[in-house]
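In: please find the sequence and the predicted model below.
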Amino acid sequence: MKKIILLGYMGCGKSTIANKLSKIIEIPFVDLDKKIEEKTNSSINAIFEKHGEIYFRKLEREVFIELLNSPDNLIIGLGGGTPCYANNQELLKGDNVVSVYLKASIETLFNRLAHNKSKRPLIADKSDDEMKEFIAKHLFDRSFYYNQAQHKVIVDDKTIEQTVMDIVGILA
Ligand SMILES: Nc1ncnc2c1ncn2[C@@H]1O[C@H](COP(=O)(O)OP(=O)(O)O)[C@@H](O)[C@H]1O
Ligand SMILES: O=C(O)C1=C[C@@H](OP(=O)(O)O)[C@@H](O)[C@H](O)C1
Ligand SMILES: [Mg+2]
């Protein structure tokens, strides 16, 4: 069954866009982070705090594979790091998978994340200056993995609706 996968850096809009896309194309949306939180009955912050990032990455891969193997058509919103660990990028190449990279500039990401960092353990404690540098370096490191996606949509200066319609166009 078809899986539409949205990937990209924290704050690029995976969760927001997937939610809206789901309503338009009438395919259910599952947010990988939310699924992990439901399964563990624990927040992403608490998982990082109690068990560390490596434990989270194992869990993330397990739950991602579980979703890919589900018999339903699904839109899956990944976490920002999902394609960058444990060879998960290979899972983006399956026959029934359509993967879309939501590509945002450092500036867009900074503007969105500056007020939305408390639930993101990798940046929660960073000052504005630290964040800018962190995002720039981290995005550079991760871009190799994001660019493995089959499709790319630039999200800078677009409304949620415009980005959703770009994806609808790709899926047509
Ligand atoms: N044009 C836009 N497209 C997507 N998100 C936007 C846009 N403008 C503002 N935002 C905000 O940016 C944030 C994106 O966060 P989120 O959807 O959680 O991203 P991700 O899941 O990729 O980390 C949300 O707070 C959303 O409301
Ligand atoms: O980039 C990352 O490594 C992470 C991104 C987060 O998801 P969002 O991209 O939805 O914020 C979440 O999975 C976790 O905090 C780690
Ligand atoms: Mg998200």
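Out: Structure received. Ligands and ions are numbered 1, 2, ... in the order given.

In: and the chain, which residues reach ligand 2?
Out: With CB under 6 Å from any ligand atom as the criterion, the chain meets ligand 2 at residues 10, 14, 15, 33, 44, 79, 80, 81, 120, 121, 122. The C-beta positions use only the backbone N, C-alpha and C, and glycine is treated the same way.

In: is stretch 133-148 in proximity to ligand 1?
Out: No. Stretch 133-148 does not reach ligand 1 (CB under 6 Å from any ligand atom); its nearest approach is 11.5 Å.

In: show me the residues of the chain next to ligand 2 that map onto helices.
Out: 14, 15, 33, 44 (DSSP state H).

In: number of residues surrounding the residue lying closest to residue 148 once chain neighbours are set aside?
Out: The shortest distance from residue 148 to any non-neighbouring residue, by CB to CB, 6 or more residues apart in numbering, is to residue 89 (4.6 Å). By other CB atoms under 10 Å, the residues close to residue 89 number 19.

In: and what of residue 44?
Out: Neighbour tally, residue 44, other CB under 10 Å: 19.

In: just to check, it is in contact with residue 119?
Out: Yes. In this structure, residue 44 is within contact of residue 119 by CB atoms under 8 Å, at 6.6 Å.

In: follow-up on the earlier one: who wins on neighbours among the ones in helices among the residues of the chain next to ligand 2?
Out: Within those, most neighbours by other CB under 10 Å means residue 14, with 28 neighbours.

In: contacting residues for that one?
Out: 6, 7, 8, 31, 77, 78, 80, 102 (CB atoms under 8 Å, 6 or more residues apart in numbering).

In: surely residue 29 meets residue 19?
Out: Yes. Counting by CB under 8 Å, residue 19 is a contact partner of residue 29 at 5.7 Å.

In: so what sits against both of those two?
Out: Common neighbours of residue 29 and residue 19 are listed as residue 77 (criterion: CB under 8 Å, 6+ apart).

In: which of those two has more residues huddled nearby?
Out: residue 29 (20 against 16).

In: pull the CA atoms of the helix or strand residue 75 falls within into CSV?
Out: Residue 75 is part of strand 74-77, with elements assigned from DSSP states H and E. Extracted in CSV, the C-alpha atoms of strand 74-77 (Å, rounded to 0.1, in the frame of the first residue of the first chain):
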residue,chain,number,x,y,z
LEU,A,74,-0.6,6.5,4.9
ILE,A,75,1.0,9.9,4.9
ILE,A,76,3.9,9.6,7.3
GLY,A,77,5.5,12.7,8.7
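
In: before we move on, the earlier item: wait, which of the contacts of residue 14 is closest to ligand 2?
Out: Of all the contacts of residue 14, residue 80 has the smallest distance to ligand 2: 2.6 Å, by CB to the nearest ligand atom.
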